[in-house]
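Novice: Structure of the sequence below:
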Amino acid sequence: MRMKFLDLFSGIGGFRLGMEMAGHECVGYVEIDKFARKSYETMYDTRGEWTAYDITKVADDDIRHLRGHVDVICAGFPCQAFSIAGKRKGFEDTRGTLFFEIARFANIIRPRYLFLENVKGLLNHDNGNTFETILRILDELGYDAEWDLLNSKDFGVPQNRERVFIIGHLRGQRTRKVFPIIGESNEIDCNIIGKLALPGKDQWNRVYSTDGLSPTLTTMQGGRQEPKIIDEQGRRNKKLKPLDICPTLRRETHGNEPKVVQAVLTPDREEKRQNGRRMKEPGEPMFTLTAQDRHGVSDGYRIRKLTPKECWRLQGFPDELFEKAAKVNSDSQLYKQAGNSVTVNVIYEIAKKL
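Specialist: This is a model prediction of the structure:
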């Protein structure tokens, strides 16, 4: 069934793309970050759609105009602290948080479904009181909730990213149960093979093998914090393996971009091109890896960070949408936007069951 949805905290449209792939239609979006809006409005045809910048400043009367035109509210809401969660003050418990804004929209619009996403830690925040408050508020609004913890690595992308997804069903409406959703289980785990001797947090210096899962990618904005990936040391004429599992995108800034090994041509190929590629000199931008890339490597290896395009691929975005966003935003913003996004593949699998 084709449904119309509202995209709150839209970012670069991870919800939108997954929902549209499943045949649903976007009727509006809300995003306060000007750089994310630039990407979003370049990537998608938003002509004629309702939109707002600051969700906290949207008047109730403006929301009422959407009633009857929205079947699903989608929102990967920011994880603000619920300082008074668990005090059983009902709807008042969420005032001052951005979850309250979702509740306000739902209370006025009354969509058939609420489709929400947040970090895994939401389940045990404040000893579970925060999540209990969210479920209680949804109940008071007339929504029966189901939820599941899903990992992006089980849905066709090489990234270890666990997120909790909540589906609210409006009582009195004929809606379908969504969970559980079973992806392709991946038993591979993160494989730390070494650390760099750089100042900063321990996790910034970890180096991961492509034989295993890499940790979550963050909302990186340059520097040295990017996850680092390396292939096992190659021998002469040995081939590099294709890009494997990457770290999860995370929220910290300034250099969290993942790193992967930089292919080094063997001496007999240093002056030759292979599949249109050549040896990069120190300081030159590295080629973007694809699943088809193969290079002969020397006995040494080099580590590099993932490119913005690779980070977007890890979130399930096609290259053509990335190229549109790259024309209007810096690499720093593109890293951040990838880290803040939901994984498109997961959204699509859930959207198909709505």
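Novice: In stretch 2-18, which residues are buried?
Specialist: In terms of neighbour count (16 or more other Cβ atoms under 10 Å), stretch 2-18 has its buried residues at 3-18. C-beta: built from backbone N, CA, C; applies to glycine.
Novice: Pick out the most distant pair among those residues.
Specialist: M3 and I12 (21.6 Å; Cβ to Cβ).
Novice: re earlier: which ones among the buried residues of stretch 2-18 are found in helices?
Specialist: By the criterion of DSSP state H, membership of these in helices covers 14-18.
Novice: Low-confidence ranges, the stretch 51-200 of the chain, go.
Specialist: 79-93, 95-96, 185-200 (pLDDT under 70).
Novice: ranges for the helices of it?
Specialist: 60-64, 98-109, 129-140 (DSSP state H, counting those that start in this stretch).
Novice: Would you format those as JSON lines with mean neighbour count and distance to G76 included?
Specialist: Listed next are the helices of the stretch 51-200 of the chain as JSON lines, based on neighbours: other Cβ atoms under 10 Å; distance: least, Cβ to Cβ, whole Å:
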{"stretch": "helix 60-64", "mean neighbour count": "12", "distance to G76": "19"}
{"stretch": "helix 98-109", "mean neighbour count": "20", "distance to G76": "10"}
{"stretch": "helix 129-140", "mean neighbour count": "20", "distance to G76": "14"}
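Novice: closest one to H24 among those?
Specialist: helix 98-109 (15.7 Å).
Novice: Residues touching the closest one, excluding its own?
Specialist: 6, 8-9, 55-56, 58, 60, 63-64, 66-67, 70, 73, 75, 77-78, 80, 82, 91, 94, 114, 116, 134, 137-138, 141, 143, 168 (Cβ atoms under 8 Å, 6 or more residues apart in numbering).
Novice: Could you pull up the residues touching the residue nearest to K353 when sequence neighbours are not counted?
Specialist: Computed as Cβ to Cβ, 6 or more residues apart in numbering, the closest residue to K353 that is not its neighbour in sequence is V178, at 4.6 Å. If a contact means Cβ under 8 Å, 6+ apart, then V178 has 146, 167, 350, 353-354 as its contacts.
Novice: Keep only those of those that are in strands.
Specialist: 146, 167 (DSSP state E).
Novice: Just list the residues touching C26, thanks.
Specialist: With Cβ under 8 Å, 6+ apart, C26 has these contacts: 4-7, 16, 19-20, 44, 46, 49.
Novice: Break this structure into its domains for me.
Specialist: As assigned by automatic domain parsing, the chain contains the domains 4-184+338-351, 192-306.
Novice: At which residues are the strands of the stretch 1-150 of the chain located?
Specialist: Using DSSP state E, counting those that start in this stretch, the strands assigned to the stretch 1-150 of the chain run over residues 4-8, 25-30, 50-52, 72-75, 113-119, 143-151.
Novice: now the ones you listed in a markdown table, with distance to P308?
Specialist: Output for the strands of the stretch 1-150 of the chain, formatted as a markdown table (distance: least, Cβ to Cβ, whole Å):
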| stretch | distance to P308 |
| --- | --- |
| strand 4-8 | 22 |
| strand 25-30 | 22 |
| strand 50-52 | 25 |
| strand 72-75 | 24 |
| strand 113-119 | 22 |
| strand 143-151 | 23 |
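Novice: And the ones you listed: which comes nearest P318?
Specialist: Of these, nearest to P318 by Cβ to Cβ is strand 25-30, at 17.1 Å.
Novice: Give the pairing partners of that closest one; include direction for each.
Specialist: strand 4-8 (parallel), strand 50-52 (parallel) (DSSP bridges).
Novice: Low-confidence regions, the stretch 251-354 of the chain specifically.
Specialist: Looking at the stretch 251-354 of the chain by pLDDT under 70, you get 251-303.
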